[in-house]
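Peer 1: turn this into a structure:
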Amino acid sequence: MGAELHDIVIGLASTTIAGVVVCIIGIIRKRKRNADALHKYPVNGVYASSYTDETDGGQCIVRDEVHIEQHGLKFTGFSRELENRRTFRFEGQIVNERFLTGTYGGEHRADDASGVFFMVLDRLQPGLIQGLWAGFGAGTIVAGKWNWRKLDSVSISESLSDDPSRPLATSLLNDALGSGFVTTRGLDELSSSPDGVVLLARDSRNQLVGVATAMTMNDDSKRVLESKLAEVGVRGANIVRSRVGLFKSLAVIPAAQGKGIGLNLVYEGLGHLKDFGCSTALVLAWDSGTSQSSVGVFEAAGCVRIAELPEYWREPDRQETFDCIKCGRPCACTAIVMRRSLYNLTRHDEIDDRPRKLWFRSS
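Peer 2: Numbers count the residues shown, from 1 in each chain. Now for the predicted structure:
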């Protein structure tokens, strides 16, 4: 009897050990498959995105951000519209080495939208995924195109007075906006001001790839701008009676444009203006006259055009201060005045934009 019990115990132990070994081997194989999939088909990350939709009987382009968390050949994630923050959750899988298929649905219970998507990995342009979506929402069946462009990771920080990158930041702004438009001393004064900020964007190698500046407007500046707006027919702007922030300047190096850095800097700058107690932010965007002007990036951040000021920088006190890269001296460019309420501002950590030069000016 004792021998038989001993054999049973040994058998159970052997079976248990074998089961544990099989389980461990299964886990190892699964992790290896997941690692191989992540290496071979890397879709994990954040994407700049846009899709076509139907509204009021016509088509429109909606900009959103897509976040994907990859689990081997399967993935989950969400997309969030930039303008109204509507969010969709989705899940899917990679099939036949280059196709992404899955389903989506509205994040909130009141949002009955749901559907499917079919995307294709672009082998010639890594990070570019394009495809179609189709679904049901608001009582109708709709469909359209969907494009994703993977974003590079960048870090954004405030520039300190002893930052060795300050001269490089000055050069970057002047190369984009015009020689002499910004001085290192001016950046020093702005960063040391309690109502101003200089933001530097750096890539994964800690290289400077973008610069932005913002500040709270003083009463004299607000009166001058409100007067100029009144001259072109914009009345009731209520700038003087409000605490208003001004996004002063923005530039991204050419090699890093179209990767979300500009819009990321814009949201960070708007967040600082809100922290300064501003209820509204104003932008004086430089219209370069091409499709690569900066206006689109500010519109993507929720800024709305309210006026155009012809030859805005052709003021007597500015004619000899810088050489416009488009006009020379004096500058005859038009300033597009844009406005953004900061009450509903949500901080952005990772965001995108369409490929365009991110040029921007202010007084």
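Peer 1: could you list the low-confidence segments of this protein?
Peer 2: Residue ranges of the chain with pLDDT under 70: 1-22, 24-40, 56-57, 83, 161, 287-293, 315-320, 346-363.
Peer 1: so where do the helices sit in it?
Peer 2: 2-40, 166-177, 184-192, 219-231, 261-275, 295-300 (DSSP state H).
Peer 1: mind giving me the packing neighbours of the fourth one?
Peer 2: Which is helix 219-231. The helices and strands touching helix 219-231, judged by 3 or more C-beta pairs under 8 Å, 6 or more residues apart in numbering; DSSP states H and E, are strand 304-309. The way it works is simple: take the backbone N, C-alpha and C, and place the C-beta from them, glycine included.
Peer 1: can we see that at 7 Å?
Peer 2: Taking 3 or more C-beta pairs under 7 Å, 6 or more residues apart in numbering; DSSP states H and E as contact, there are no helices or strands that helix 219-231 lies on.
Peer 1: tabulate the CA atom coordinates of it in PDB.
Peer 2: C-alpha atoms of helix 219-231 as PDB (Å, rounded to 0.1, in the frame of the first residue of the first chain):
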ATOM      1  CA  ASP A 219      -3.000  96.900 -21.400                       C
ATOM      2  CA  ASP A 220      -1.300  99.000 -24.100                       C
ATOM      3  CA  SER A 221      -0.900  96.100 -26.400                       C
ATOM      4  CA  LYS A 222      -4.500  95.100 -26.000                       C
ATOM      5  CA  ARG A 223      -5.700  98.700 -26.800                       C
ATOM      6  CA  VAL A 224      -3.600  98.900 -29.900                       C
ATOM      7  CA  LEU A 225      -4.800  95.500 -31.200                       C
ATOM      8  CA  GLU A 226      -8.400  96.300 -30.400                       C
ATOM      9  CA  SER A 227      -8.100  99.500 -32.300                       C
ATOM     10  CA  LYS A 228      -6.600  97.800 -35.300                       C
ATOM     11  CA  LEU A 229      -9.500  95.200 -35.200                       C
ATOM     12  CA  ALA A 230     -12.000  98.000 -35.100                       C
ATOM     13  CA  GLU A 231     -10.500  99.600 -38.200                       C
END
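Peer 1: shift numbering so it begins at 45
Peer 2: Will do, 45 is the new start, and the previous item becomes helix 263-275.
Peer 1: angle of the longest strand seen in the chain against helix 305-319?
Peer 2: Secondary structure assigned by DSSP state E gives strand 102-115 as the longest strand of the chain. On the basis of axes from the mean of the first three to the mean of the last three C-alpha atoms, to 10 degrees, strand 102-115 is oriented at 90 degrees to helix 305-319.
Peer 1: and for strand 102-115, what's in contact with it?
Peer 2: The contact list for strand 102-115, computed with C-beta atoms under 7 Å, 6 or more residues apart in numbering, reads 78, 82, 87-97, 119-126, 192, 344, 395-396.
Peer 1: so which of these are in strands?
Peer 2: Residues of these located in strands (DSSP E): 89-97, 119-125, 192.
Peer 1: can I have the buried ones of those residues as a ChimeraX selection?
Peer 2: Buried residues within the ones in strands among the contacts of strand 102-115, by 16 or more other C-beta atoms under 10 Å, are selected in ChimeraX with:
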select :89,90,91,92,93,94,95,96,97,119,121,122,123,124,125,192
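Peer 1: show me where the stretch 245-394 of the chain has strands.
Peer 2: 252-260, 288-296, 324-330, 348-353, 379-385 (DSSP state E, counting those that start in this stretch).
Peer 1: thinking again about what came up before, the longest strand of the chain: how far from the chain's middle?
Peer 2: Relative to the centre of its chain, strand 102-115 is centred 12 Å away, using C-alpha atoms, centre = their mean, to the nearest Å.
Peer 1: do the same with stretch 197-205
Peer 2: 16 Å.
Peer 1: how about it, which residues are buried there?
Peer 2: By neighbour count on 16+ other C-beta under 10 Å, the buried set for stretch 197-205 is V198, I200, S203.
Peer 1: just the residues you listed: which are in strands?
Peer 2: Under the assignment DSSP E, the buried residues of stretch 197-205 contribute I200 to strands.
Peer 1: between the buried residues of stretch 197-205, which sits nearest Q137?
Peer 2: V198 (29.7 Å; C-beta to C-beta).
Peer 1: before we move on, back to that, out of the buried residues of stretch 197-205, which is nearest to R246?
Peer 2: V198 (6.4 Å).
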